[in-house]
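Student: Below is the sequence, then the predicted model.
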Amino acid sequence: MIKKNEFKSGYVALLGKPNVGKSTLLNYFLKQKLSIVCAKPQTTRQNILGIVNTDSCQIIFVDTPGVHHPKDVLGKNMLKQAVYAGNDADQTLVLLDAVSGITANDRMIFKIVKDRQKHSCLSWTAVLFNKIDLVKKNFALPLIDICRKELKADAYIPISARTGCNLDLVLENIIEHLPAGSAYYPLEQLTDKNERYIIAELIREQALEFCLEEVPHCVAVTVEAYQQRAGRKMLIRANIFVERSSQKMIIIGKNGAMLKQIGTAARQQIEDFLDQKIYLQLWVKVHTNWRKDKNFLEKLKST
Ligand SMILES: Nc1nc2c(ncn2[C@@H]2O[C@H](COP(=O)(O)OP(=O)(O)OP(=O)(O)O)[C@@H](O)[C@H]2O)c(=O)[nH]1
Ligand SMILES: [Mg+2]
């Protein structure tokens with residue numbers, strides 16, 4: 001029993017298929033861009049924490065990679081992380097796409113949640129039907145009925161992570177069901193990732209944004225230099241890795257035009273994030289089959 005005025009804290013995992021809007025939702029709750037967002041699927045590759053503090057609670061949202069059948073080591077790592085987040089959380093938000101309805105990838109998530117419900121202590125679970133701004137009013141209602149039969153949850157709420165529709169209600173529910181406990185993180189901490197990681201992600205986001213369909217999954221970014229310089233702009237030097245030289249040519253573009261566009265957009269994003277002017281140098285490199293290279297994947301985690 002939680003006493004009145006007792007502080008609450010807990011982990012809330014965001015689970016959903018690729019592209020359903022998990023990172024958009026995280027950014028909405030944080031009131032700032034932390035996790036990268038893209039219209040192309042499989043954008044998020046590692047779990048990332050977003051920490052929200054109020055006078056009475058600390059909510060630690062865990063944004064996870066989209067759940068899908070993995071094709072390589074990278075994909076397997078992504079799936080493991082989503083399962084791990086789901087197993088460890090105090091609460092689970094399962095995101096479904098109100099436009100596409102329930103798909104095979106969604107059923108993989110239902111299985112993760114049901115396994116947890118079978119094997120361990122109860123965690124509060126809500127199913128959120130996202131992107132309702134794209135469907136007619138009440139369109140989500142039949143979907144909710146179908147979903148109820150497939151996954152037992154404590155709440156079923158239609159939302160829009162883009163417009164904020166019903167997100168106050170979601171937050172109220174989360175806070176109501178958080179366990180009692182002191183804060184896990186200092187109040188000024190926003191995330192578990194360091195600035196280098198976020199900067200690499202912001203560069204990757206722009207590479208995904210500007211490149212054609214086949215390139216995004218082959219892009220990885222590492223920050224090699226990150227240096228404050230007296231009297232000059234901060235220097236950031238990063239490598240953009242691709243798997244083949246044909247992809248390198250796409251990223252660089254004719255006379256370097258594509259790389260310039262990526263660099264300009266990424267610089268603006270990084271300057272907003274760091275709140276200071278920077279000098280950004282980007283290099284494009286080929287690392288054949290990096291998605292199968294365990295050592296390289298480890299390096300990406302700690303970039
Ligand atoms: N119209 C609409 N678009 C949305 C909404 N939420 C997210 N999107 C868009 O959906 C796309 C995917 O959003 P993300 O937040 O990157 O999705 P994700 O679930 O994190 O995707 P992965 O990281 O690939 O698993 C982006 O283009 C978002 O702008 C929404 O409520 N309405
Ligand atoms: Mg994401």
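Tutor: Sure thing, it's come through. Ligands and ions are numbered 1, 2, ... in the order given.
Student: Name whatever forms a beta bridge with Tyr279.
Tutor: Leu235 (DSSP bridges).
Student: Quick check, it in contact with Ala238.
Tutor: No: counting by CB atoms under 8 Å, Tyr279 stays clear of Ala238, with 11.8 Å between them. For glycine as for every other residue, the C-beta is placed from the backbone atoms N, C-alpha and C.
Student: Of those two, which one has the most company?
Tutor: Ala238 (24 against 13; other CB atoms under 10 Å).
Student: ok, which residues in this structure are in contact with ligand 1?
Tutor: 16, 18-24, 37-39, 41-44, 65-66, 130-131, 133-134, 160-162 (CB under 6 Å from any ligand atom).
Student: are any of those buried, and which?
Tutor: Listed as buried from the residues of the chain next to ligand 1 are 16, 18-24, 37-38, 42-44, 65-66, 130-131, 160-162; burial here means 16 or more other CB atoms under 10 Å.
Student: Which ones among those lie within strands?
Tutor: Residues of those located in strands (DSSP state E): 16, 130.
Student: So which of the buried ones among the residues of the chain next to ligand 1 belong to helices?
Tutor: 22-24 (DSSP state H).
Student: wait, what's in contact with Ile109?
Tutor: 15-17, 67, 82, 86, 94 (CB atoms under 8 Å, 6 or more residues apart in numbering).
Student: Please identify which pair of these lies farthest apart.
Tutor: The span of the contacts of Ile109, defined through CB to CB, is set by Lys17 and Gly86 at 13.5 Å.
Student: before we move on, the earlier item: which of the contacts of Ile109 lies at the shortest distance from ligand 2?
Tutor: Nearest to ligand 2, judged by CB to the ion, of those is Gly16 at 8.7 Å.
Student: what about stretch 131-151, distance to the chain center?
Tutor: 23 Å (CA atoms, centre = their mean, to the nearest Å).
Student: One more: stretch 91-111?
Tutor: Worked out by CA atoms, centre = their mean, stretch 91-111 lies 16 Å from the chain centre.
Student: Mind checking if that stretch is in reach of ligand 2?
Tutor: No: Stretch 91-111 is not in contact with ligand 2 by CB under 5 Å from the ion; minimum separation 10.2 Å.
Student: how long is that stretch from one end to the other?
Tutor: With CA to CA, to the nearest Å as the measure, the first residue of stretch 91-111 is 16 Å from its last.
Student: follow-up on the earlier one: which residues do Tyr279 and Ala238 both contact?
Tutor: Shared contacts of Tyr279 and Ala238 (CB under 8 Å, 6+ apart): none.
Student: residues in contact with Ile132?
Tutor: So Ile132 contacts 98, 139-140, 158-160, 165 (CB under 8 Å, 6+ apart).
Student: Secondary structure class of Ala126, three-state.
Tutor: Following DSSP: H, G, I helix; E, B strand; the rest coil, we place Ala126 in the strand state.
Student: Next, the contact list for the nearest residue to it once chain neighbours are set aside, please.
Tutor: Leaving aside its sequence neighbours, Ala126 sits nearest to Ala155 (CB to CB, 6 or more residues apart in numbering; 4.1 Å). By CB under 8 Å, 6+ apart, the contact set of Ala155 is 125-127, 173.
Student: Which members of those are the farthest-apart pair?
Tutor: Farthest apart among the contacts of Ala155 - using CB to CB - are Val127 and Asn173, which lie 11.8 Å from each other.
Student: tell me, what's touching the two both at once?
Tutor: Counting by CB under 8 Å, 6+ apart, the contacts common to Val127 and Asn173 are 155, 157.
Student: Helices of the stretch 201-303 of the chain, residue ranges please.
Tutor: Assigned by DSSP state H, counting those that start in this stretch, the stretch 201-303 of the chain shows helices spanning 245-252, 257-274, 294-301.
Student: Lowest mean pLDDT across these, which one is that?
Tutor: Lowest mean pLDDT within the helices of the stretch 201-303 of the chain: helix 294-301, a mean of 89.
Student: related to what we said a few turns ago, in the contacts of Ile109, which has the lowest confidence score?
Tutor: Within those, lowest confidence goes to Gly86 (84).
Student: so it makes contact with Lys80?
Tutor: No: contact criterion CB under 8 Å: Gly86 and Lys80 do not qualify, at 10.8 Å.
Student: Compare Val127 and Asn173 (neighbour count), which wins?
Tutor: Val127 (27 against 17).
Student: Look up which residues are beta-bridged to that one.
Tutor: Here Val127, judged by DSSP bridges, has bridge partners Val94, Tyr156.
Student: what sits against it?
Tutor: By CB under 8 Å, 6+ apart, the contact set of Val127 is 94, 96, 144, 147, 151, 153, 155-157.
Student: which among those end up buried?
Tutor: For these, buried by 16+ other CB under 10 Å: 94, 96, 147, 151, 153, 156-157.
Student: and the helices of the stretch 201-303 of the chain as TSV, adding mean neighbour count and distance to ligand 2?
Tutor: Putting the helices of the stretch 201-303 of the chain into TSV (neighbours: other CB atoms under 10 Å; distance: least, CB to the ion, whole Å) gives the following:
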stretch	mean neighbour count	distance to ligand 2
helix 245-252	16	21
helix 257-274	17	16
helix 294-301	13	16
